[in-house]
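K.L.:
Here is my input, please return the structure:
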Amino acid sequence: MKISTTTDIVDYSLINNETGEVSSINVSQKVSNTYYSIKGLRTKITMNSFAEKQSLVCKSSLDLQIFWHMMQKTERNILLINQKETARLFGVSPDKINKFIKRLVDVEFLKKKQQGVYFVNPYIFKSPKTTNEIIEQLQEEWNNV
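P.N.:
Model prediction:
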C-alpha cells in the first residue's frame, strides 16, 4: 500500500444533548492528505473522508459508541442493523437510531438498500477480510445505486 501520512492529535468535543456537559477526547490518528492506493486495487480509498464523515455525524460520545458498534457489524461493506435492538442496547429511542442513520446517509457514508440493510461507502471504508476485487465491485455498485 502506498500512502503519505502524518500523525496528528485530534481533539473531539462531545456535547451531551440532555445535560449540556462537554467532554473532550484526544485521539492520535494517522491522517492522509492524499488518496492512497492498496496494492492490486485499481481505485482509491481515502482516510480523510472517513474521519470527516465521522466528525460530521458523531455529535456526542454516545454517537461515537453507536457509530463504532455499526462499523463492527459491517461485513463486506453491508450493514445489517435492527434499529430497535440497537436502541435497546444503548438505552435510547429507536427514533434516535433512525436519525443517526439518516445523518450517515445524508453525508453519503451509507446508502439504504432496503429496510435495515445499508451499503457502506466503499470509497471510504473497507470491511476487514474484504478482498480488493470485492471492493472494486462494491465501488461500481455504489456508483449505480
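K.L.:
which intervals of the chain have sub-threshold pLDDT?
P.N.:
For the chain, the stretches with pLDDT under 70 are 1-15, 23-48, 128.
K.L.:
which residues in it form strands?
P.N.:
5-15, 22-32, 36-37, 44-45, 74-75, 78-80, 110-114, 117-120 (DSSP state E).
K.L.:
which other residues reach the last one?
P.N.:
I take that to be strand 117-120. Contact partners of strand 117-120, identified using Cβ atoms under 8 Å, 6 or more residues apart in numbering, comprise 74, 77-81, 101, 104-105, 109-113, 127, 138, 141-142, 145. (Glycine included, C-beta is placed from N, CA and C.)
K.L.:
Which members of these are classed as buried?
P.N.:
74, 77, 79, 81, 101, 104, 109, 110, 127, 138, 142 (16 or more other Cβ atoms under 10 Å).
K.L.:
Quick check: the gap between the last one and residue 70.
P.N.:
In this case it means residue 142. Using Cβ to Cβ, to the nearest Å, residue 142 is found at 17 Å from residue 70.
K.L.:
The second one too?
P.N.:
Here residue 77 is placed at a distance of 12 Å from residue 70 (Cβ to Cβ).
K.L.:
Who are the contact partners of the closest residue to residue 89 other than its chain neighbours?
P.N.:
Leaving aside its sequence neighbours, residue 89 sits nearest to residue 69 (Cβ to Cβ, 6 or more residues apart in numbering; 7.4 Å). Applying Cβ under 8 Å, 6+ apart to residue 69 gives the contacts 86, 89, 90.
K.L.:
Most neighbours of all those, which one?
P.N.:
With neighbours taken as other Cβ atoms under 10 Å, the top of the contacts of residue 69 is residue 86, carrying 20 neighbours.
K.L.:
May I see the buried residues of stretch 114-126?
P.N.:
Residues of stretch 114-126 classed as buried: 118, 119, 120, 121, 122, 123, 124, 125, 126 (neighbour count, 16+ other Cβ under 10 Å).
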